[in-house]
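Q: Structure for this input, please:
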Amino acid sequence: MTKPLRALQILRAPVGGLFRHVCDLASYLDEQGHEVGLVVDALSYDAETATKLGQISKHLKLGIHPIAIPRLFGASDLIAPFRIRQLISQLRIDVVHGHGAKGGFHARIAALGKSKTKKVYTPHGGVLHFSTTSAAGRVFHLLEKLLIPHSDHMIFESDYAAATYRSQIADVGTKGVVIHNGLADDEFTPIASNGDFDFVFVGELRDLKGVEYLLRALPRVKKNDGTPARLLLVGDGPHRVQFEQLSAELGLESRVEFVGAQPARTGFARADVVIVPSLKESLPYIVLEAIAARKSVISTNVGGISEIFGDEKHRLIPPTDVAALATTMQEYLDGGDGLEKHNAKLLAHVRNAFSMEKMAGDILAIYLKQ
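A: Purely as a prediction, here's the structure:
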């Protein structure tokens, strides 16, 4: 076996698909005999964060290191790179891997001049979601351009992310590679619904996830017996109160339930149809997970979701289109034309093309590349 690597993963907040990706990668590296450490944001570190990190701590032989990393730029950003640089030296890190805009920024700044430390960066869509016309977007995009020469490898989790980075920021040439997110074999397990709800949304409750359009579409959808369709919203986020108020304004209190953050599979067990009405995405795990659980998936055509749908991408709908979303919801509730065949094709494609072991193995190959 090759000499074990010492890798430091850097991200800001341990939430969503980005955190899921880092957990899968850390677990795989540990099982392959490599040692992993994790840097997370100390400013948002709370009891829930501690619980999440505690679940993967056994795979983090080099420890968990909270360091203040604000979402937007602040005074802490002047200190964080020096703290991370100290960790790189103290832990004798071979590979530093930054995830998301801020994780990638600090990883590469901290390792400047360290020729023996490989610098890897995965945007995870983060910087690509900043508008090119906003002040924050212009700052992040400028920093991205400046840091490309100081990146050994850049990993994009979708062809969409790679193309968007190339058009918005720069062409990174041979430094860039696409490695799709993937699922473990045991996740391809059917989850039957108990019928509590007709549809379920699982994700962060924020504007970019398109929840407003989902709520506005729901009143147009009815069951075969004429009774209103019901929606379960699993997740939490900065705009939860806003969506709860909109639900009340639309008279949906008896049809919609907000249950807070829970495992996706808990939501899958309460509805047969998963809805992903996002306005922006990169390559969302929730779509992969829902397909693997044998759920029907209604999704907008944003980011790399068309790569997950493959030959079935014609079923994707435009973002913000309430009428199209309502029509598709009604079709799926009624049984959908060719829905069973469509779902079987999606399952076969995801099982074949989106493997967690392949994802992590390909990333490890980049770490080991001379």
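Q: Check which element follows the helix or strand harbouring residue 244 along the chain.
A: Here residue 244 sits within helix 240-249, counting by DSSP states H and E. Scanning forward in sequence from helix 240-249 by DSSP H and E, the next helix or strand is strand 256-260.
Q: by contact count, what packs against that following strand?
A: strand 231-234, helix 240-249 (3 or more Cβ pairs under 8 Å, 6 or more residues apart in numbering; DSSP states H and E). C-beta: built from backbone N, CA, C; applies to glycine.
Q: Redo those as a markdown table? Include mean pLDDT, distance to residue 195 and mean neighbour count.
A: As requested, the helices and strands packed on strand 256-260 are exported to a markdown table (pLDDT from 0 to 100; distance: least, Cβ to Cβ, whole Å; neighbours: other Cβ atoms under 10 Å):
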| stretch | mean pLDDT | distance to residue 195 | mean neighbour count |
| --- | --- | --- | --- |
| strand 231-234 | 98 | 11 | 24 |
| helix 240-249 | 97 | 21 | 15 |
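Q: so which of these comes closest to residue 67?
A: Put simply, out of those the one that sits nearest residue 67 is helix 240-249, at 27.8 Å, with distance taken as Cβ to Cβ.
Q: I figured residue 93 was touching residue 84, is that so?
A: No. Using Cβ atoms under 8 Å as the test, residue 93 is too far from residue 84 to be in contact (9.4 Å).
Q: which neighbours do the two share?
A: Between them, residue 93 and residue 84 share the neighbouring residues residue 8, with contact defined by Cβ atoms under 8 Å, 6 or more residues apart in numbering.
Q: picking up where we left off before, in a markdown table: the helices and strands packed on strand 256-260, plus distance to residue 46.
A: Putting these into a markdown table (distance: least, Cβ to Cβ, whole Å) gives the following:
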| stretch | distance to residue 46 |
| --- | --- |
| strand 231-234 | 20 |
| helix 240-249 | 17 |
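Q: wait, which of the ones you listed is closest to residue 71?
A: With Cβ to Cβ as the yardstick, what comes closest out of the helices and strands packed on strand 256-260 is helix 240-249 (17.4 Å).
Q: Give me the contact list for the one helix or strand residue 106 maps to.
A: Assignment of secondary structure by DSSP H and E places residue 106 within helix 100-110. Contacts with helix 100-110, where a contact means Cβ under 8 Å, 6+ apart, come from 8, 10-12, 18, 39, 69-71, 77, 80-82, 84-85, 87-88, 96-98, 119-124, 126-127, 130, 140, 143-144, 147, 150-151.
Q: who does the next helix or strand after it touch, helix- and strand-wise?
A: Toward the C-terminus, helix 100-110 is succeeded by strand 118-122 as the next helix or strand (DSSP H and E). Taking 3+ Cβ pairs under 8 Å, 6+ apart as contact, the helices and strands that strand 118-122 lies on are strand 95-99, helix 100-110, strand 153-156, helix 356-368.
Q: Dump the shortest one to PDB, keeping only the CA atoms.
A: It refers to strand 153-156. Coordinates of the C-alpha atoms in strand 153-156 are reproduced here as PDB (Å, rounded to 0.1, in the frame of the first residue of the first chain):
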ATOM      1  CA  HIS A 153      -6.600  20.300  -8.600                       C
ATOM      2  CA  MET A 154     -10.200  21.600  -8.900                       C
ATOM      3  CA  ILE A 155     -13.000  19.000  -8.600                       C
ATOM      4  CA  PHE A 156     -16.500  19.800 -10.000                       C
END
